[in-house]
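Undergrad: okay, sequence plus prediction incoming.
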Amino acid sequence: MALDEADGDVGRLYDRFGAALYRYALMILGRHDAAEDAVQQVFLALVRGRDARIREPERYLRRAVRNACYSRLRSAAAVPEDDWSGQGQPLLELVPGLRQPSPEDRLALEAAIARLPAEQREVLHLHAFAGLTFREVAETTGESANTVASRYRYALERLRLLLTAQRA
C-alpha cells in the first residue's frame, strides 16, 4: 500500500487503527498523554514520508507505536509508572466489548496493571485485549513465543497476587 496524504490514506489508517494503537500505547506507557504523543508521532512520520510502501499496515503501525513507546520509556523524559490513573478516560472502558467491572474493581485492576513491568503489560494487552496469538505477539515484540508466554503467565500471576492482597 502506498500512502498518499492527499488521498487520505493516512487518515483512513488512523480511523481504522488509531483507537487500538492508542490502547496499546497506553498499556505500555501507563499515561494517556504519553500514549497520545506516541501514536501522534507515528502518524506524523507517515504524513512526512508520503512515498512509504507498507504491505501490512496494522502490523507496521503496531510495531512503529511499540518502538515509539519504548523510546519514550528509555528517554530521560520517561514517565514514572505510578501516574497511571486519574488522567481522563479509564483504560478498561476503552476496550470495546469488554464487560465493565464495578468502579471499585476497575480501579483495583488498573492499579494492579500499573504495577506490572511494561513488557508484561504489553503482552497482556496484545494477547488478552487485542486478541493476538502468542506467535503474533512474538512477531510484534521481536521476542520468542516462549518468552511472550512466560511474560503473560507472570503478568497473570502478579495480578492475582496483587488483587488478592488488596481484598485481604
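TA: Perfect, thanks for sending it.

Undergrad: element containing the residue most central in space within the chain?
TA: Nearest to the geometric centre of the chain sits residue 24, at 1.5 Å (CA atoms, centre = their mean). In this structure, residue 24 sits in helix 9-29 according to DSSP states H and E.

Undergrad: which parts of that helix are buried?
TA: Buried positions in helix 9-29, judged by neighbour count with 16 or more other CB atoms under 10 Å: 9-10, 13-14, 17-18, 20-29. For glycine as for every other residue, the C-beta is placed from the backbone atoms N, C-alpha and C.

Undergrad: other SSEs contacting it?
TA: For helix 9-29, the elements it packs on are helix 32-48, helix 57-74, helix 118-124, judged by 3 or more CB pairs under 8 Å, 6 or more residues apart in numbering; DSSP states H and E.

Undergrad: wait, which of the ones you listed is closest to residue 133?
TA: Between residue 133 and the helices and strands packed on helix 9-29, the shortest separation by CB to CB is 11.7 Å, and it involves helix 118-124.

Undergrad: elements contacting that closest one?
TA: helix 9-29, helix 57-74, helix 134-141, helix 145-167.

Undergrad: would you mind putting the CA coordinates of the last one into CSV?
TA: Provided in CSV are the C-alpha atoms of helix 145-167 (Å, rounded to 0.1, in the frame of the first residue of the first chain):
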residue,chain,number,x,y,z
ALA,A,145,6.9,-17.2,21.7
ASN,A,146,8.2,-18.9,24.9
THR,A,147,9.3,-15.5,26.3
VAL,A,148,5.9,-14.0,25.4
ALA,A,149,4.0,-16.9,27.0
SER,A,150,6.1,-16.6,30.1
ARG,A,151,5.6,-12.8,30.4
TYR,A,152,1.8,-13.4,30.1
ARG,A,153,1.9,-16.1,32.7
TYR,A,154,3.9,-13.9,35.1
ALA,A,155,1.6,-11.0,34.5
LEU,A,156,-1.5,-13.1,35.4
GLU,A,157,0.2,-14.5,38.5
ARG,A,158,1.3,-11.0,39.6
LEU,A,159,-2.2,-9.6,39.0
ARG,A,160,-3.7,-12.5,41.1
LEU,A,161,-1.4,-11.8,43.9
LEU,A,162,-1.9,-8.0,43.9
LEU,A,163,-5.7,-8.3,43.7
THR,A,164,-5.8,-10.9,46.4
ALA,A,165,-3.7,-8.7,48.7
GLN,A,166,-6.0,-5.7,48.0
ARG,A,167,-9.0,-7.7,49.1
